[in-house]
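> From the sequence below, what's the structure:
(2 chains)
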Amino acid sequence: MSEELSDLLKIRREKMDEFRAQGMEPYPYEYKKTHSAAQALAKYKGLKEHEESPEEVSVAGRLVLKRGHGKAAFATIQDETGRIQIYGKLDAIGEQKYALYQKLDMGDFVGVKGKVFKTKTGEITIRLSSFVLLSKSLHPLPEKWHGLQDKEIRYRERYVDLIVNPEVKDVFVKRSKIVSLIRKFLEARGFLEVETPILHVMQGGAAATPFETFHDALGLPLFMRIAPELYLKRLLVGGFEKVFEMGRVFRNEGMSYKHNPEYTMIEIYQAYADYNDIMDLTEELVVTAAKEVLGTLEIEFRGDKINLAPPWKRITLIDALKKEGIDLEKKDEEGIRRIAKAKGIEGAEEIGVGKIINVLYDKFVEPNLRQPTFIIDHPLETSPLAKKHRSKAGEVERFELIIAGMELANAFSELNDPVDQRERLKKQAELKAAGDLEAESMDEDFLRALEYGMPPAGGLGIGIDRLVMILTNQASIRDVLFFPHMKPIAAAKPKEEEMRALDESN
RNA sequence: GCGCCAUUAGCUCAAUGGUAGAGCAGCUGACUCUUAAUCAGUUGGUUGAAGGUUCAAGUCCUUCAUGGCGCACCA
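Got it, this is the predicted structure:
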């Protein structure tokens, strides 16, 4: 690493020693503050120019701007609620303290105490009577004008991104509100939040390649869950009627603007409901989230104007394909294969008809759906956990919610016929044996549970990250994850060695 | 996995194949109501890594690493 970095680091470490030598501990244990920055600003916003608050306030935060004027200096500190200006004067805090005040670096945490006044330019400001260092920062912050632009560093060192790019924090605050709101929404409707295993003995509940891990003491290979579905259904068997689980699932697949190897999904199950009921629930949930968090149903995402106002369009998968000029109605297997070939679907000879229909849909329908749309009634073959359609042969009662070309939710009338389920899983097991990494396992315990009897039920999964993307207009899933998955960098080593050398020299 | 692009000081960015620069940050000095404070001076670079072409490479070529975007796969 460069000499330069060493210099910047060295100077800050020397200052840390200097503070300590002057009797100001650089890492004290606590600080009693009376106000947040926002509270102090709100409380004293009515002050007239040069008027001063009767009492002192204590505020703590990170120093983010400095403006020195010789024997006085303005600075700006930032806490979770915002920024507030402070003003330190030589004759107010004394020569020794003022020398330390001048030595503060951008990024240092300080606790400041003093009366509040309004400057002649109208800014509410704390006039220091004293201050303490609360944490010495040893790394320089990015530039105050442009902040941190480098996407790689923003993702890898999110803590720095959060310090200097306030709009990033806003996205995550909104994410937290959306999650909280969904919980409240469901609890208000009598749903119970539950937790089921994340380490699974078997792969199931979705079509996806899992991460494998290993339990040493048991000598047991395990899978990180790809979905909580099969456990939540066991709870329906056990007598719970309305449950949901919000949590991380893991899929060992490619990464893109809408895929991260681990992501947050909510699954919701309601006994005695079918997929029509669940469609209503989904629509209401998303609309409520948008209204409460954004205050509007007109949103923009990746350049598209999207209107979330209900009711949303509901169209069958076959009709949606027809609208794109792909008419599969009354086509036999032969005819569908011919169309797939004409449309340039690769490997169409080796996959089943249901899968072909799905591929055609993924390729020609989903990317074109911008406005919220429920695509309903999927091929039975690719939906091994969904109930057969009550009136259409070869199809299941299933829907996917598409917004802005992204699948946001997936739901079905849940299959509760244990004989049918056993046959479907058997087919999955055959696919698995033939090398399909995404196929379901033959889960005997799950089948036994169904054999005890599961009430008719509707089930739903929503990708929380994607929902947050759409509601906050973030173009990439990485922008709604604090710490998106990144490859480790091998070149990090010399930096560590340098830090160690620095430690030893002290 | 494939294609395109990017990687230069702590940060943000420049540099027709011909002496690596600026702003901010840092350091020194001046300045007791500034706010992207200002003014003067100043430190800081193995140009992501390794090879190659050339009298000469930040710049051209090859390989690699990391990232971004698009495609593929997937939710």
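
> hmm, the helix ranked longest in chain A touching RNA strand B?
The longest helix of chain A (DSSP state H) is helix A:166-188. No - Helix A:166-188 stays clear of RNA strand B (C-beta under 7 Å from any atom of the strand), getting no nearer than 13.3 Å. Using the backbone N, CA and C atoms, a C-beta is placed for each residue, glycine as well.

> Going toward the C-terminus from that helix, what's the next helix or strand?
strand A:192-193 (DSSP states H and E).

> For that following strand, give me every contacting residue.
A:183, A:186-187, A:240, A:242-246 (C-beta atoms under 8 Å, 6 or more residues apart in numbering).

> Who wins on neighbours among the residues you listed?
residue A:243 (25 neighbours; other C-beta atoms under 10 Å).

> helix, strand or coil for that one?
Judged by DSSP: H, G, I helix; E, B strand; the rest coil, the three-state class of residue A:243 is strand.

> Might one say that it is in contact with residue A:195?
No - using C-beta atoms under 8 Å, residue A:243 makes no contact with residue A:195, being 10.3 Å away.

> The closest residue to residue A:389 other than its chain neighbours - how many residues pack around it?
Distances taken as C-beta to C-beta, 6 or more residues apart in numbering place residue A:395 nearest to residue A:389, at 4.3 Å, with adjacent residues excluded. Neighbour count for residue A:395, taken as other C-beta under 10 Å: 23.

> next one: residue A:41
20.

> Residue A:126 is in contact with that one, correct?
No - using C-beta under 8 Å, residue A:41 is not in contact with residue A:126; the gap is 10.1 Å.

> May I see the buried residues of the longest strand seen in chain A?
Secondary structure of chain A per DSSP state E: the longest strand is strand A:52-68. The neighbour-count check on strand A:52-68 (16 or more other C-beta atoms under 10 Å) flags A:53, A:56-64 as buried.

> quick check, nearest of those residues to residue A:88?
Ranked by distance to residue A:88 (C-beta to C-beta), those are led by residue A:63 at 11.1 Å.

> Grab the nearest non-local neighbour of the closest one.
residue A:108 (4.9 Å).

> List the pairing partners of the longest strand of chain A within its sheet, with orientation.
strand A:72-79 (antiparallel), strand A:109-118 (antiparallel) (DSSP bridges).

> do you know which of those lies nearest residue A:147?
strand A:72-79 (12.8 Å).

> average model confidence for the closest one?
Across strand A:72-79, pLDDT averages out at 97.

> And for that strand, what's in contact with it?
A:36-37, A:59-67, A:83-90, A:101-102, A:104, A:110, A:112, A:125, A:163.

> Next, see if it gets close to RNA strand B.
Yes - contact of strand A:72-79 with RNA strand B (C-beta under 7 Å from any atom of the strand) involves A:72, A:74, A:76.

> So what's the residue count around the last one?
What that stands for is residue A:76. Neighbours of residue A:76 (other C-beta under 10 Å): 20.

> The longest helix of chain A vs strand A:72-79, what angle?
On the basis of axes from the mean of the first three to the mean of the last three C-alpha atoms, to 10 degrees, helix A:166-188 is oriented at 30 degrees to strand A:72-79.

> which helices and strands does helix A:166-188 pack with?
If contacts are counted by 3 or more C-beta pairs under 8 Å, 6 or more residues apart in numbering; DSSP states H and E, helix A:166-188 sits against helix A:158-164, strand A:192-193, strand A:242-250, helix A:275-294, helix A:464-472.

> Now with 10 Å, please.
If contacts are counted by 3 or more C-beta pairs under 10 Å, 6 or more residues apart in numbering; DSSP states H and E, helix A:166-188 sits against helix A:158-164, strand A:192-193, strand A:242-250, strand A:262-271, helix A:275-294, helix A:464-472.
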